[in-house]
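In: The following comprises the amino acid sequence and a computationally predicted model.
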Amino acid sequence: MVVVLLMPTAFAWAQQVGSGASETQSAAMSAAIHDLQQQVSELRAAVAEVRSEAAQYRAETAQLRKELQATRDQLATESPVPAYPNQTAPAEAPAAVQVPASPSPLRPASLEDRVASLEESTQLLNGKIDEQYQTKVASASRYRVRLSGIVLMNLFDNRGAVDNQDFPTWATPVPMAGPNGVFGATLRQSEIGLEVFGPTLAGAKTSGEVSADFSGGFPNLVNGVTSGLFRLRTADLRLDWDQTSLVIGQDNLFLSPLSPTSFASLAVPSLSYAGNLWGWIPQVRVEHRFDLSENDKITLQAGILDNLDGEEPYFAPENQPSAGEGAGQPGYGLRTAWTRTVFGQPMTFGAAGYYARQAWGFGHHTDGWAGMTDWQIPLPARLSLSGEFYRGFAIGGFGGALGRSVLFSDQPGLPGTAVHGLNTIGGWSQLKFKAMAKLEFNGGIGVDSPYAKDLGTFNNPQGYLPFLAQNRGAVVNFIYRPRSNLLFSTEYHRLRTFSYESASWTANQVNGVMGILF
């Protein structure tokens, strides 16, 4: 009985549902018909526009034909004139040049041509995408990252004894039982670097970089000389505005920006401790560029640096303060440079100053300072001259006085030990000849010389590095780049180091280099 009573209600509900579906279908069909009518109207308008343009083209073509016929009639009535005095008119007019038909608004390309062009464009785009995928370095963030570095192979032959056979910095006495000459190979000067390009912050483009090599020593293993330890070189953060930059991190010594060109010595710059001040030093600096004219500009750099004095870590691996850091203040640096374009290359002259205070314990303080100048001069005949000169006091942290800032009268750290700072003077210069885009020749000399009166202050001076009086270096090399990412180089390096007793030791190195940059 319940079912019988509900049947009329269900029938009425089904009629309502069917009526609603019919109304929906009618509305959809009306919308489709309206869209079709609109498309037909647009098509008619496009056809009318094409017909109008075709009529205009026909009129222009008829006008051009009339002008061409008039020009022909005029030329036929006049006598032919040779193009050059010694030439005559050709006896027979050349045949008409057949110009291949090209797509135009009146003659559009065929469907096959359009499909072929589309397939070609698609293949090109796919190739570019595949290339970008292969060269892309993945990042945890959405910012662009670039990987770079060099795989460097050094084959070296040394004559004489040196402090480091891979990349020597000074000569040492030949041991009684040691060899006078050695031959070896190494790849631990290979480098790897990573750059990241971040967002714009306060109108400045942000970027960062970190670079490292494998020249941080050797593990205590069998044949450990082939397993160099990973070592941090530079790591910094940059904020670059239009003419101003802020650099925070461990970077090259901005007071001494140049180094001789050499691929045989990348772990330590060439002529280090022989007139070339350098260092990868934690620092904060500001740079500003003033444009005097289109070809002239002045760069001003100022910053603070970690106050290093050349000491080796005493309690590895703990980081104990050096005498410079123990003074409680950083080192201060200022540099200015003038640059002008000459012979299509920048010519630069720079001058810099440095000050730092050092605390050596028991009330002994030393005020380190330095004045520096650098130059980079393009010359005619594919030549260029570069170099640096310095005069300083207690600048062992930059390699001055062969890495020493002071000398001691007795063992360091004793209450009665006197401390005396070292004055030093030195510099280097290099001449470059660019034979061609892929080949260049370089030759340079350098010298670092502490003052003799400072070396003779104490009868038996002590120091935290070998007691040397002067270091001279000379380097000659050629660098050949058959491709942009491949290089070959051969370098001859001569060292001559003087001891306090006026004895001297000489060592020579011939170094062959092969490198692949990425």
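Out: Received the coordinates, thanks. Numbers count the residues shown, from 1 in each chain.

In: switch to C-alpha atoms for all contacts and neighbour counts from now on
Out: Noted.

In: burial measure for Gly353, as a count.
Out: 19 (other CA atoms under 10 Å).

In: Settle this for me: it is touching Thr336, isn't it.
Out: No - using CA atoms under 8 Å, Gly353 makes no contact with Thr336, being 9.4 Å away.

In: Would it be right to say that Gly127 lies in a helix?
Out: Yes - under DSSP: H, G, I helix; E, B strand; the rest coil, Gly127 falls within a helix.

In: neighbours around it, how many?
Out: 12.

In: Pull up the per-residue confidence for it.
Out: What the model reports for Gly127 is a pLDDT of 71.

In: mind checking how far it is from Leu118?
Out: Separation of Gly127 from Leu118 (CA to CA, to the nearest Å) stands at 14 Å.

In: Ok, Glu67 next?
Out: 40 Å.

In: Thr71 now?
Out: 43 Å.

In: And the pLDDT at Leu455?
Out: On the pLDDT scale, Leu455 gets 93.

In: Surely it touches Tyr500?
Out: Yes - counting by CA under 8 Å, Tyr500 is a contact partner of Leu455 at 7.4 Å.

In: what about Trp505, how many neighbours?
Out: Other residues near Trp505 number 18, with proximity taken as other CA under 10 Å.

In: Which helix or which strand is home to it?
Out: Here Trp505 sits within strand 504-517, counting by DSSP states H and E.

In: State the mean pLDDT of that strand.
Out: 96.

In: thinking again about what came up before, more neighbours: which of Leu455 and Tyr500?
Out: Neighbours per residue, other CA under 10 Å: of Leu455 and Tyr500, the larger number sits with Leu455, 21 against 14.

In: Ramachandran angles for the more buried one?
Out: phi -70, psi -30 (degrees, to the nearest 10).

In: residues touching it, list them.
Out: Residues near Leu455 by CA atoms under 8 Å, 6 or more residues apart in numbering: 407, 422, 461, 469, 500.

In: And the second one, how far from Ser270?
Out: Yep, that's Leu422 we're talking about. In this view, Leu422 and Ser270 are 23 Å apart by CA to CA.

In: what does the fourth one give?
Out: Using CA to CA, we find Ala469 at a distance of 20 Å from Ser270.

In: ranges for the strands of the stretch 1-150 of the chain?
Out: Under the criterion DSSP state E, counting those that start in this stretch, the stretch 1-150 of the chain carries strands at the ranges 144-159.

In: so where's this protein shaky on pLDDT?
Out: 1-25, 76-112, 128-136 (pLDDT under 70).

In: Name the residue closest to the centre of it, please.
Out: Ser148 (8.8 Å; CA atoms, centre = their mean).

In: Check the contact between that one and Ile192; I expect there is one.
Out: Yes - Ser148 is within contact range of Ile192, at 6.0 Å (criterion: CA under 8 Å).

In: what about the strands in the stretch 151-300 of the chain?
Out: 161-162, 171-172, 181-186, 191-201, 204-213, 231-240, 244-252, 280-291, 296-305.

In: Keeping just the C-alphas, turn the longest one into CSV.
Out: Same thing as strand 280-291. Output in CSV follows, covering the C-alpha atoms of strand 280-291 (Å, rounded to 0.1, in the frame of the first residue of the first chain):
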residue,chain,number,x,y,z
TRP,A,280,92.7,34.5,0.9
ILE,A,281,91.6,36.5,3.9
PRO,A,282,88.2,36.9,5.6
GLN,A,283,87.1,40.5,5.0
VAL,A,284,84.3,43.0,4.5
ARG,A,285,84.9,45.7,1.9
VAL,A,286,83.0,48.3,0.0
GLU,A,287,83.8,49.3,-3.6
HIS,A,288,82.6,52.4,-5.5
ARG,A,289,83.3,53.3,-9.1
PHE,A,290,83.4,56.9,-10.3
ASP,A,291,83.0,57.4,-14.1
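
In: and that strand with strand 231-240, angle?
Out: Strand 280-291 and strand 231-240 are oriented at 30 degrees to each other (axes from the mean of the first three to the mean of the last three CA atoms, to 10 degrees).

In: Strand partners (parallel or antiparallel) of strand 280-291?
Out: Note on strand 280-291: by DSSP bridges, its sheet partners are strand 244-252 (antiparallel), strand 296-305 (antiparallel).

In: Run the chain-centre distance for the shortest one.
Out: Computed by CA atoms, centre = their mean, to the nearest Å, the chain-centroid distance of strand 244-252 equals 14 Å.

In: what comes into contact with that strand?
Out: Counting by CA under 8 Å, 6+ apart, 233-240, 278-289 sit against strand 244-252.

In: what's the answer for the longest one, then?
Out: For strand 296-305, the surrounding residues in contact (CA under 8 Å, 6+ apart) are 254, 281-292, 330-341.

In: redo that, cut-off 6 Å
Out: Residues from elsewhere that reach strand 296-305 (CA atoms under 6 Å, 6 or more residues apart in numbering): 282-291, 330-340.

In: what do you get for stretch 148-165?
Out: By CA under 6 Å, 6+ apart, stretch 148-165 touches 168, 170-172, 174, 180-187, 190-193, 507-518.

In: So how do I select the buried members of those in ChimeraX?
Out: This is the ChimeraX syntax for the buried subset of the contacts of stretch 148-165, where burial follows 16 or more other CA atoms under 10 Å:
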select :168,170,171,172,174,185,186,187,190,191,192,193,507,508,509,510,511,512,513,514,515,516
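
In: hmm, back to that, looking at the strands of the stretch 151-300 of the chain, which is closest to Arg357?
Out: strand 296-305 (12.0 Å; CA to CA).

In: Run the chain-centre distance for the closest one.
Out: Distance of strand 296-305 from the chain centroid (CA atoms, centre = their mean) equals 20 Å.

In: Also stretch 341-360?
Out: Going by CA atoms, centre = their mean, where stretch 341-360 is centred and where its chain is centred differ by 20 Å.

In: Touching that stretch from outside, list them.
Out: Counting contacts by CA under 6 Å, 6+ apart, the residues outside stretch 341-360 that touch it are 255, 295, 323-324, 326-327, 331-340, 365-377.

In: From those residues, which land in strands?
Out: Cross-referencing the contacts of stretch 341-360 against strands under DSSP state E gives 331-340, 365-377.

In: Identify the residue nearest Ser384 in space, chain neighbours excluded?
Out: Pro378 (4.3 Å; CA to CA, 6 or more residues apart in numbering).

In: how deep is the one you found tucked in, by neighbour count?
Out: Pro378: 20 neighbours (other CA under 10 Å).

In: What of Gly198?
Out: By the criterion of other CA under 10 Å, Gly198 has 17 neighbours.

In: pretty sure it contacts Thr206?
Out: Yes - the pair Gly198 / Thr206 is scored as a contact, 5.0 Å apart, by CA atoms under 6 Å.

In: got any residues that touch both of these two?
Out: Among the neighbours of Gly198, none is also in contact with Thr206 (CA under 6 Å, 6+ apart).

In: In terms of helix, strand or coil, where does the closest residue to Gly310 other than its chain neighbours fall?
Out: In space, not counting the residues next to it along the chain, Gly310 is nearest to Gly397; the distance is 4.0 Å by CA to CA, 6+ apart. Classification of Gly397 by three-state DSSP places it in helix.

In: Could you work out the end-to-end span of stretch 489-509 for me?
Out: With CA to CA as the measure, stretch 489-509 spans 14 Å from end to end.

In: from the contacts of stretch 341-360, which would you call buried?
Out: 255, 323-324, 326-327, 331-340, 365-366, 368-377.

In: Assess the claim that Lys432 and Ser384 are in contact.
Out: Yes - counting by CA under 6 Å, Lys432 touches Ser384, with 5.2 Å between them.
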